[in-house]
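**Student:** Could you work out the structure for the sequence below:
(one chain, ligands or ions: 3)
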Amino acid sequence: MLPDDTGLSALPERPCKPLLRATNLAEALQTMATCQFEPALNSLGSQIAIIDQQGTITYVNQDWIEFGVHNGTAADYPWVGSDYLEASKGFSAVESEQEASLVDGIRKVLSGLAPTFDCEYSCHSPDERRWFVMRVVPLHTHPGLYVVSHHNITRRKEQLLAGQAALEESALHSQAVLDNMVDGVVTIDMRGRIQSFNQAASRMFQYTPAEVLERNVSMLMPEPHRGHHDGYLLHFQHTGEARVIGKPREVEGVRKNGEVFPMSLSVSQIMRSGQPTFIGIVRDITQRRLHDEEIRRLAFYDPLTRLPNRRLLMDRLHQAMASSCRSLHHGAVMFLDLDHFKQLNDGWGHDVGDELLQQVAARLNACVREADTVARLGGDEFVVLLEALSPLSSEAATQAEAIANKILYTLGQSYKLRGQMYDSTPSIGIVLFAQDRDSMEDLLKKADVAMYQAKSAGRNTARFYDPAMQAVAMARTELERDLRHGLSTQQFVLHYQIQVDSKGVPTGAEALVRWQHPLRGRVSPGDFIPLAEETGLILPLGQWVLETACTQLQAWAQNPTTDHWSMAVNVSAWQFAQVDFVAHVTAALAKTGARPHLLKLELTESMLVNDVDDVIAKMNAIKAYGVNFSLDDFGTGYSSLSHLKSLPLDQLKIDQSFVRDVLTDPSDAVIARTIVALGHSLGLKVIAEGVETAEQRHFLAGIGCDAFQGYYFGRPEPADMLAQRT
Ligand code: C2E
Ligand code: MG
Ligand code: MG
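**Tutor:** Ligands and ions are numbered 1, 2, ... in the order given. Take a look at the predicted model:
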């Protein structure tokens with residue numbers, strides 16, 4: 001389409017009407033020449049000519065005459081009557097290819113093969129670059145005549161070219177900037193498709209732009225972000241609310257090889273061709289993270305052992321104290337120092353000393369829970385911070401003491417230093433804290449003081465700062481040590497307490513363990529059974545009791561007066577919970593030859609609280625050998641009736657606390673009565689323990705008790721004394 005500024009389309013139809021009346025060519029030309037619109041044609045700034053079908057020029061306007069189309073033809077050149085096609089061939093500066101298509105185009109119109117011909121062409125003279133548009137259109141009012149116009153568009157063209165060049169330059173500049181950026185720049189459209197990908201992004205993600213363009217940007221994200229990303233964009237499309245815009249964030253990217261790496265991402269949004277476009281600036285922060293980590297490590301960790309240093313310890317201690325205030329749980333600070341470390345350092349060299357410190361650090365870490373802190377203050381000084389110990393101070397002391405003992409044991413094992421064995425021991429000072437008003441420094445000082453107490457007590461030991469706690473912990477430690485020693489030196493004996501039927505006839509006895517301590521005297525089972533359970537010593541002790549009782553049972557079997565007697569043996573919950581408990585019972589029976597149906601294991605209700613299915617399975621397995629079960633201390637625990645029904649029990653034992661006041665306290669009487677009724681309804685025998693008087697026995701017999709045990713019938717006593725009496 002010819003641009004408007006050729007002016008031809010502006011030619012009004014009406015003023016040219018005189019042309020319509022022309023009957024021949026000569027007249028038409030005359031009309032044209034004198035046409036009142038000639039000034040208008042001359043003012044258009046276009047060179048306009050009229051040619052006939054042969055290309056002969058029949059009219060030219062003033063511009064044509066002046067500018068002679070392009071080639072600087074002399075002003076008096078006789079245009080009218082000359083051959084336009086010939087003349088156009090001579091447009092000297094028109095490139096030959098263009099010239100050919102020009103002539104061809106004009107011919108097509110003249111021969112009726114094309115309705116019009118438009119073309120833009122350049123025509124550069126040595127000192128000027130010029131552009132033109134030309135148009136050939138038939139003059140419909142005069143068939144056989146054609147209007148040819150040439151219009152100089154050099155100015156417009158130059159502006160256009162200058163604009164294009166500026167644009168290209170600016171695009172090149174932008175690309176150069178983008179490509180030289182350290183940061184990756186990725187733009188995506190509203191649907192998440194990648195629109196641009198600079199070189200830094202290429203390096204970072206290891207994809208070429210061609211591999212990612214038009215693909216979903218989520219390919220650059222690891223799961224689970226990958227799966228969520230479309231959702232974010234969808235959310236944006238629906239609400240226009242982009243949560244990530246303008247907020248620099250640290251996220252993860254994924255490289256072509258699958259490697260996930262940390263990166264910072266800031267997203268901005270622009271409108272491009274009326275569509276929102278997101279520009280993401282990404283930076284690989286792997287190195288920065290490593291540096292941060294390194295700085296953190298240097299600031300808070302001891303370089304030799306990689307343990308927290310004093311600074312981090314103080315921070316943790318501060319938090320631990322605050323959280324202990326909230327939770328009411330105790331915490332403990334242990335100050336630990338290696339005995340005779342200086343000698344090692346001086347004698348073997350610092351390298352060897354360092355090696356020992358590293359090994360000690362590793363062992364210390366293995367002694368505590370994840371949440372606890374092991375720190376090195378410097379030299380051979382370590383601090384262990386324990387958290388979330390019991391709210392009860394005595395229990396907390398026990399817990400801290402247990403860990404201190406573990407540390408003493410673990411650090412006391414030989415070390416291998418430069419191929420040589422080396423023995424080292426620590427001294428440990430312990431201080432507990434709860435809602436203390438002590439400052440952190442006070443606590444460390446107290447732990448330090450306690451550590452020196454440990455040193456002066458002969459080293460390789462732990463001491464509490466608090467004298468009272470120290471006493472408690474010491475008492476327990478000693479008791480435990482004595483218990484171990486007592487086990488290995490046979491300080492334990494069994495006493496037997498007779499059990500009788502409703503007529504008072506002995507039917508057997510209960511075995512009750514006694515600890516005959518050389519210094520402490522007789523220690524009550526109530527004082528050492530709980531500790532034995534806590535320390536696991538109940539396992540060897542319980543097995544010893546079981547075997548000794550079975551041996552006694554087998555001895556009674558040899559005597560006609562006692563050969564029908566049964567033996568009741570107490571079993572603790574921890575003992576019963578062992579996977580190999582069944583095997584232990586059968587082993588004791590096999591070893592002693594005792595008859596299983598005369599062995600009666602006393603369980604307590606407390607062991608029915610947890611895994612009841614496991615209890616039932618074990619009881620059934622033992623029951624299969626013929627062994628009987630009695631439920632001890634019945635009425636004091638929480639066993640539910642539904643459990644009771646499913647247990648293979650033979651007997652309920654009314655706890656002595658009900659028996660004691662059965663005559664004076666009506667509610668105890670009711671309880672005793674209920675237990676008997678319950679036991680009988682479940683098909684069980686009921687025995688009362690702790691019967692001390694004839695009246696108690698009379699009452700219990702009256703409510704249907706099947707058997708009795710208590711001082712009234714006999715105290716627990718050695719087997720030979722029991723034999724003499726009966
Ligand atoms: P238990 O099984 O309920 O044993 C009954 C306790 O009551 C025994 O105390 C016994 O001496 C005491 N006793 C018996 N008749 C009377 C009485 O008429 N009046 C009073 N006031 N007390 C009476 P002991 O021997 O001190 O045992 C205490 C607990 O220690 C036992 O309670 C039992 O739970 C545990 N125990 C004792 N020996 C063993 C054992 O070999 N293994 C296990 N696991 N626990 C044992
Ligand atoms: Mg008992
Ligand atoms: Mg009992």
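
**Student:** Up against ligand 1, what does this protein have?
**Tutor:** Within the chain, the positions lying close to ligand 1 (C-beta under 6 Å from any ligand atom) are 497, 512-513, 524-526, 529, 542, 545, 570-572, 602, 632-633, 656, 689-692, 710-711, 716. Heads up, the C-betas are built off the backbone N, CA and C, glycines and all.

**Student:** Leaving out chain neighbours, which residue sits closest to G635?
**Tutor:** Leaving aside its chain neighbours, G635 sits nearest to D655 (5.1 Å; criterion: C-beta to C-beta, 6 or more residues apart in numbering).

**Student:** Let's see the pLDDT reported for the one you found.
**Tutor:** With respect to pLDDT, D655 scores 94.

**Student:** ditto for R226
**Tutor:** In this prediction R226 is given a pLDDT of 78.

**Student:** try P518
**Tutor:** pLDDT for P518: 92.

**Student:** does R283 really touch V185, like I thought?
**Tutor:** No: assessed by C-beta atoms under 8 Å, R283 is found out of contact with V185, at 10.4 Å.

**Student:** What does the nearest residue to F67 once chain neighbours are set aside show for phi and psi?
**Tutor:** Computed as C-beta to C-beta, 6+ apart, the closest residue to F67 that is not its neighbour in sequence is Q47, at 5.9 Å. The phi and psi values for Q47, taken as degrees, to the nearest 10, are phi -90, psi 120.

**Student:** Count residues in the vicinity of whichever residue of the stretch 51-200 of the chain sits closest to ligand 1, would you?
**Tutor:** Minimum separation of the stretch 51-200 of the chain from ligand 1 (C-beta to the nearest ligand atom) falls at G192, amounting to 69.9 Å. Using other C-beta atoms under 10 Å, G192 is surrounded by 18 other residues.

**Student:** List the contacts of it.
**Tutor:** Residues near G192 by C-beta atoms under 8 Å, 6 or more residues apart in numbering: N216, V217, S218, H229, D230, L233.

**Student:** cutoff 10 Å now
**Tutor:** Contact analysis of G192 by C-beta atoms under 10 Å, 6 or more residues apart in numbering lists R215, N216, V217, S218, M219, H229, D230, Y232, L233, L234, F236, F278.

**Student:** and these, which are buried?
**Tutor:** Buried by 16 or more other C-beta atoms under 10 Å: N216, V217, S218, M219, H229, L233, F236, F278, out of these.

**Student:** Export the residues you listed as CSV, with columns for pLDDT and secondary structure.
**Tutor:** Output for the buried ones among the contacts of G192, formatted as CSV (pLDDT from 0 to 100; DSSP: H, G, I helix; E, B strand; the rest coil):
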residue, pLDDT, secondary structure
N216, 93, strand
V217, 92, helix
S218, 91, helix
M219, 93, helix
H229, 77, helix
L233, 76, helix
F236, 75, helix
F278, 90, strand
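
**Student:** Could you identify the most distant pair in the residues you listed?
**Tutor:** Among the buried ones among the contacts of G192, the pair separated by the greatest distance (C-beta to C-beta) is M219 and F236, at 18.8 Å.

**Student:** how about low-confidence regions in the chain?
**Tutor:** For the chain, residues meeting the criterion pLDDT under 70 lie at 1-37, 68-76, 88-96, 125, 242-243, 466-467, 469-470, 472-473, 609-610, 638-640.

**Student:** so after the helix ranked longest in it, what's the next helix or strand?
**Tutor:** Ranked by number of residues, the top helix in the chain under DSSP state H is helix 154-180. Per DSSP states H and E, the first helix or strand lying C-terminal to helix 154-180 is strand 184-188.

**Student:** Tell me which strands whichever helix or strand comes after that next one pairs with, and in which orientation.
**Tutor:** Using DSSP H and E, the helix or strand that directly follows strand 184-188 along the chain is strand 194-197. Under the criterion DSSP bridges, strand 194-197 sits next to strand 184-188 (antiparallel) in its sheet.

**Student:** by how many degrees do the strand it pairs with and helix 154-180 diverge?
**Tutor:** 120 degrees (axes from the mean of the first three to the mean of the last three C-alpha atoms, to 10 degrees).

**Student:** What sits closest to the residue in the stretch 301-450 of the chain that ligand 3 sits nearest to if chain neighbours are left out?
**Tutor:** Using C-beta to the ion, the closest approach of the stretch 301-450 of the chain to ligand 3 is made by E395 at 25.4 Å. The shortest distance from E395 to any non-neighbouring residue, by C-beta to C-beta, 6+ apart, is to L389 (7.6 Å).

**Student:** Quick check, central residue of this structure?
**Tutor:** P224 (12.3 Å; C-alpha atoms, centre = their mean).

**Student:** before we move on, back to that, pull out the buried residues from the longest helix of the chain.
**Tutor:** K157, L178.

**Student:** Show me what it is packed against.
**Tutor:** With contacts taken as 3 or more C-beta pairs under 10 Å, 6 or more residues apart in numbering; DSSP states H and E, helix 154-180 sits against strand 117-122, strand 131-138, strand 184-188, strand 194-197, helix 199-205.

**Student:** ok, and the closest non-adjacent residue to A677?
**Tutor:** Spatially, and ignoring its direct neighbours in sequence, A677 is nearest to G704 (7.6 Å; C-beta to C-beta, 6+ apart).

**Student:** got it, and T154?
**Tutor:** In space, and not counting its chain neighbours, T154 is closest to R130: 4.6 Å by C-beta to C-beta, 6+ apart.

**Student:** before we move on, the earlier item: what separates the residue nearest to A677 from ligand 1, distance-wise?
**Tutor:** 20 Å (C-beta to the nearest ligand atom, to the nearest Å).

**Student:** Helix or strand for that residue, just tell me which one.
**Tutor:** With DSSP H and E as criterion, G704 is part of no helix or strand.

**Student:** OK, contacts around it?
**Tutor:** Per C-beta under 10 Å, 6+ apart, neighbours of G704: S502, A672, R673, V676, A677, G679, H680, V686.

**Student:** Now a PyMOL select for only the buried ones of the residues you listed.
**Tutor:** Only the buried entries of the contacts of G704 go into this PyMOL selection, using 16+ other C-beta under 10 Å:
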select buried, resi 672+673+676+679+686
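
**Student:** Helices - which of the contacts of G704 land there?
**Tutor:** Filtering the contacts of G704 for helices - DSSP H - leaves A672, R673, V676, A677, G679, H680.

**Student:** residues from the protein in reach of ligand 3?
**Tutor:** Proximity of the chain to ligand 3, by C-beta under 5 Å from the ion, involves residues D632, D633.

**Student:** Ligand 2 contacts on the chain?
**Tutor:** Neighbours of ligand 2 within the chain, by C-beta under 5 Å from the ion: N570, E602, D632.

**Student:** what's the angle between the helix or strand hosting G280 and strand 184-188?
**Tutor:** For G280, the host element (DSSP H and E) is strand 275-284. Here strand 275-284 runs at an angle of 160 degrees relative to strand 184-188 (the same axes, to 10 degrees).

**Student:** ok, D442 - how many residues close by?
**Tutor:** Around D442 there are 13 other residues, counting by other C-beta under 10 Å.

**Student:** Surely it and L317 touch.
**Tutor:** No: between D442 and L317 there is no contact under C-beta atoms under 10 Å: 11.1 Å.

**Student:** any common contacting residues for the two?
**Tutor:** With C-beta under 10 Å, 6+ apart as the test, D442 and L317 both reach F433.
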